[in-house]
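Peer 1: Next come a sequence and a model predicted from it.
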Amino acid sequence: MRTFAEVVQDNWEKLRAYVPIVDRVHGPSHPEFHEVKRLFESLSNKLTSGQDELDREFDQLRQVTDNYRVPEDVCESYQAVYEMLAEADEAYSK
């Protein structure tokens, strides 16, 4: 199990690239992803400013994504975003 810092170091730049693209492509048919994007941006802003209280964002992400359940009609990038967010959530919660 990787630490939260390791997950952020390895995945955050990919997430910064993928999240806006997935939102643009899949947002019209999966409006819940707009909230995923907003919550990811909140997480990123908190991490950038040195805040380490991320429970609220991860709680909301679990709710919005149905515990990171990937819809059947989406691309690999959408799946990758959910997998990376789930890994960050799990590492943060430990």
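Peer 2: Structure's in. What do you need?
Peer 1: and the gap between Thr48 and Phe58?
Peer 2: 17 Å (Cβ to Cβ, to the nearest Å). Every residue, glycine included, has its C-beta placed from N, CA and C.
Peer 1: The two: which is more packed in?
Peer 2: Neighbour count, other Cβ atoms under 10 Å: between Thr48 and Phe58, Phe58 has more, with 18 against 9.
Peer 1: Identify the residues contacting the helix or strand the more buried one falls within?
Peer 2: Under the criterion of DSSP states H and E, Phe58 resides in helix 55-64. Helix 55-64 is contacted from outside by 32, 35-36, 39-40, 42-43, 46, 68, 85, 88-89, 92-93, using Cβ atoms under 8 Å, 6 or more residues apart in numbering.
Peer 1: now those residues in TSV, with secondary structure, pLDDT and distance to Glu53?
Peer 2: Below are these laid out as TSV (DSSP: H, G, I helix; E, B strand; the rest coil; pLDDT from 0 to 100; distance: Cβ to Cβ, whole Å):
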residue	secondary structure	pLDDT	distance to Glu53
Glu32	helix	97	24
Glu35	helix	98	19
Val36	helix	98	20
Leu39	helix	98	14
Phe40	helix	98	16
Ser42	helix	98	11
Leu43	helix	97	11
Lys46	helix	97	7
Tyr68	coil	98	21
Leu85	helix	98	17
Ala88	helix	97	15
Asp89	helix	98	14
Tyr92	helix	97	10
Ser93	helix	93	13
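Peer 1: I'd like to know which of the residues you listed are buried.
Peer 2: Val36, Leu39, Phe40, Ser42, Leu43, Tyr68, Leu85, Ala88, Asp89, Tyr92 (16 or more other Cβ atoms under 10 Å).
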